[in-house]
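**Q** sequence plus predicted model, see below.
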Amino acid sequence: MGNIGLILDAESISDIAHLAREAEDAGFDSVWATELYRTSFQQLSSIVHATNRVKLGTAVALAFVRSPLITTLTALDLDESSNGRLILGLGTGAKRTNEMWHGITHGKPVSRIKECVEVIRLLMKGSHLDQPISYSGDYYNINTRGYHRPFKPLRSDIPIYLAGVGRYMIQAAGRFADGYLGHVVCSLRYIEDVVSKSIKAGLENSGRNREHFKTASIITCAVSGNRKEAREAAKATIAFYATVRTYEPPFKMHGFEKEAGKIREAFFNRDVKSMIENVTDDMVDSFAVVGDADECRKKIEEYREFVDLPILSAPHYFLDFEEVKKYQKAILETFGK
């Protein structure tokens, strides 16, 4: 069994630290903090001193809602406190939530994220040097004249993974990021037919070698002897993500547009029961790994032809945390070394 990552999800910050420590003890390669109800950086900062070896990833930090300077400083601080264990996973966020929840303009996401990453890299490498950093783009105009960070970074080349679902964003990861971070709804078929080909195109466009690029993808995984119960849990998570139009391409590829439309309608009516009921068994088979331990191990191995690092996520949306803990424990027991 190769390297495995784990999505951190818990009811309290102390539970997040405990889960991360369990993942490290089980031999997991990395733990990853999402950003919706909590900030990814704060979650990871809470586990720095609870762990020693496991890598810490943001999955993902929202790139557009912070300035590149703040993102850079936060990443450098967290990398230093963890002794060089950070992987900076960045995502654009969805247009609707960026504009309605955060009150920012979204712009052209591929162009904007490229500029954002370029600025972050400049700041990582040069914010502690004597010369000011200047950058002029469509979205970021930066001049750090008068600013000098008075200490060297532990690492000035923290790896940046770019999240994406659409072809152009995935190609962008291949062009200028250190790695790609696939979304929960990136099915094995979608990874094979769209993600892998788009990354290849991006790498070729930039003249880079695949061996220096890492591909990771988040996978909903419900290990259980109770197949019916596990499938229902997975359906709830799939229903949540079906409501976001940004994630529509995989649903469209699999022919689930009608189901996704019904789920979105139920979501806006606040009818969670109908949302889950409209997730079909075929959708579960496409977007989740469900079964007993042997079945799940076998299915995850199928991803490894295209993915360097599977990042497993227990079903969690619309479930109570005791049930989530049960699926997390099963993942740790099934995939631990």
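**A** Thanks, I have the structure now. The model shown is predicted, which means the values in this text are computed figures rather than measured ones. Numbering: from 1, shown residues only.
**Q** which ones are touching the residue nearest to the spatial centre of the chain?
**A** Taking C-alpha atoms, centre = their mean, the centroid of the chain lies closest to residue 59, which sits 3.0 Å from it. Contacts for residue 59 (C-beta atoms under 8 Å, 6 or more residues apart in numbering) come out as 7, 32, 33, 34, 40, 89, 163, 181, 218, 311. For glycine as for every other residue, the C-beta is placed from the backbone atoms N, C-alpha and C.
**Q** from memory the fifth one sits against residue 47, does it?
**A** Spelled out, that is residue 40. No. Using C-beta atoms under 8 Å as the test, residue 40 is too far from residue 47 to be in contact (11.5 Å).
**Q** just to revisit the earlier point, sitting in strands, which of the contacts of residue 59 do you find?
**A** The strands, defined by DSSP state E, take in 7, 32, 33, 89, 163, 181, 218, 311 from these.
**Q** tell me the one of those nearest residue 17?
**A** residue 33 (11.2 Å; C-beta to C-beta).
**Q** and for the closest one, the neighbour number?
**A** Using other C-beta atoms under 10 Å, residue 33 has 26 neighbouring residues.
**Q** per-residue pLDDT, it?
**A** Listed pLDDT for residue 33 reads 98.
**Q** and if you look at residue 211?
**A** Residue 211 is given a pLDDT of 89.
**Q** residue 337 now?
**A** 86.
**Q** so the residue nearest to residue 45 when sequence neighbours are not counted is in which element?
**A** Setting aside the residues directly before and after it, residue 45 is nearest to residue 78 in space (C-beta to C-beta, 6 or more residues apart in numbering), at 5.9 Å. Using DSSP states H and E, residue 78 sits within helix 68-81.
**Q** and that helix, how far out from the chain middle?
**A** 18 Å (C-alpha atoms, centre = their mean, to the nearest Å).
**Q** what's it packed up against?
**A** helix 40-47, strand 86-91, helix 109-126 (3 or more C-beta pairs under 8 Å, 6 or more residues apart in numbering; DSSP states H and E).
**Q** in that helix, what counts as buried?
**A** 68, 69, 71, 72, 73, 74, 75, 76, 78, 79, 80, 81 (16 or more other C-beta atoms under 10 Å).
**Q** the nearest residue to the second one once chain neighbours are set aside: neighbouring residues, count only.
**A** Among residues not flanking residue 69 along the chain, residue 123 sits closest, at 6.1 Å (C-beta to C-beta, 6+ apart). One way to gauge burial is a neighbour count; for residue 123, by other C-beta under 10 Å, it gives 26.
**Q** same deal with residue 251?
**A** 25.
**Q** and it, what element?
**A** helix 248-253.
**Q** got the buried residues for that helix?
**A** For helix 248-253, using 16+ other C-beta under 10 Å, the buried residues are 248, 249, 250, 251.
**Q** what is the following helix or strand past it packed up against?
**A** Next in sequence after helix 248-253, counting helices and strands by DSSP H and E, comes helix 257-268. If contacts are counted by 3+ C-beta pairs under 8 Å, 6+ apart, helix 257-268 sits against helix 227-242, helix 248-253, helix 272-277.
**Q** helix 257-268 versus helix 227-242: what angle between them?
**A** Put simply, helix 257-268 runs at 80 degrees to helix 227-242, going by axes from the mean of the first three to the mean of the last three C-alpha atoms, to 10 degrees.
**Q** list the buried residues in helix 257-268.
**A** Buried-residue list, helix 257-268, by 16+ other C-beta under 10 Å: 259, 260, 262, 263, 264, 266, 267.
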